[in-house]
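Asker: Build me a model:
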Amino acid sequence: MPAETQFARRLELAISGESVHAFSKRAGIPDSTVRKYLAGTMPGLDNLIAMATAADVTLDWLAAERGPMRISGSLIVGGEVPDGFVPVPKLDIRPSAGPGSLTVYEEGEPDILAFRENWLRRIGVNPKSARLMIAKGDSMRETVDDGDLMIVDVSIREVVNGAIHVLVYNGMVILKRLQILRNGVLLLKSDNPKYDTEEVPLNEQPELIIEGRVLWAGGMI
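Answerer: Okay, the predicted model is just below:
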């Protein structure tokens, strides 16, 4: 059986029980593109990773049917982490890619999923500092869409010029691209042009807390 046909069958199995439209939205990939993959087209690496994450299957299994389809459902609370993988907690914090929303923590233990350590390092994430969060709102569209699962490196607490950060500002958790001007003014920028850029003057910057840098959201950014 051709490799393309085998991949299509694995993808169909991975998303069984869910509509193509719903899965495409969660994966951040156009509906028509996912249908092409189901018809036998092979995806690139970014879309492959996005689909594996959305379907909660291992990348190796989806790409080449190597290893288990899922690692205990990829949810490993209290379980063993396989060699080469590291646990990444999924925090119930929804940084708003819009006007901003208050931090919300659910009671109990956070969900924990396993990711390959070498893949996290390859995308620039310190594995020990990786956290999963879900974006809320549309101010960062098309880079980060509402409901996207993001990998955030919480060890990065300084401004990386031009990068997307999770911030706490005025009591709200927000998601913005940061830029520092020569005069020291900090700009909070949205990738969606319908949102205005906000300026944070020097005297207000101590009130802004950087909680981490977003390095992946359905694809590398």
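Asker: Quick check: nearest residue in space to the residue nearest in space to the middle of the chain, chain neighbours excluded?
Answerer: Within the chain, one residue has its C-alpha closest to the average C-alpha position: by Cα atoms, centre = their mean, that is residue 150, at 1.9 Å. What sits nearest to residue 150 in space, not counting adjacent residues and going by Cβ to Cβ, 6 or more residues apart in numbering, is residue 217, at 4.3 Å. Where you see a C-beta, it was placed from the backbone N, CA and C, and this is true even at glycine.
Asker: That neighbour and residue 179, how far apart?
Answerer: Between residue 217 and residue 179 the distance is 19 Å, computed by Cβ to Cβ, to the nearest Å.
Asker: can you check residue 47 too?
Answerer: Counting by Cβ to Cβ - residue 47 and residue 179 are separated by 29 Å.
Asker: higher neighbour count, those two?
Answerer: The residue with more neighbours, out of residue 47 and residue 179 and counting by other Cβ atoms under 10 Å, is residue 47; that gives 19 against 15.
Asker: Please tell me the pLDDT value assigned to the more buried one.
Answerer: Residue 47 is assigned a predicted lDDT (pLDDT) of 89.
Asker: Help me confirm that it comes into contact with residue 29.
Answerer: Yes. The pair residue 47 and residue 29 qualifies as a contact (Cβ atoms under 8 Å) at a distance of 5.5 Å.
Asker: re earlier: from residue 178, how far out is the residue nearest to residue 150?
Answerer: Using Cβ to Cβ, one gets 16 Å for the distance from residue 217 to residue 178.
Asker: When the two are compared, which one has more neighbours?
Answerer: Set residue 217 next to residue 178 and count neighbours by other Cβ under 10 Å: residue 217 wins out with 24 against 21.
Asker: List the contacts of the more buried one.
Answerer: The neighbours of residue 217, taking Cβ atoms under 8 Å, 6 or more residues apart in numbering as the test, are 28, 135, 143, 144, 145, 148, 149, 150, 151.
Asker: For it, give its distance to residue 190.
Answerer: For residue 217, the distance to residue 190 equals 14 Å [Cβ to Cβ].
Asker: ok, so what distance separates residue 83 from residue 126?
Answerer: The value you get for residue 83 to residue 126, if Cβ to Cβ is used, is 19 Å.
Asker: ugh, typo on my part, it should be residue 141
Answerer: 27 Å.
Asker: the more surrounded of those two?
Answerer: The residue with the greater number of neighbours, taking residue 141 and residue 126 and applying other Cβ under 10 Å, is residue 141; the counts read 19 against 13.
Asker: pLDDT averaged over stretch 131-148 - what is it?
Answerer: 86.
Asker: okay, how far is it across it, tip to tip?
Answerer: The first and last residues of stretch 131-148 sit 14 Å apart, counting by Cα to Cα, to the nearest Å.
Asker: Mind listing what's buried along that stretch?
Answerer: By neighbour count with 16 or more other Cβ atoms under 10 Å, stretch 131-148 contains the buried residues 131-141, 143-146, 148.
Asker: Return the subset of these lying in strands.
Answerer: Counting by DSSP state E, the part of the buried residues of stretch 131-148 found in strands is 131, 132, 133, 134.
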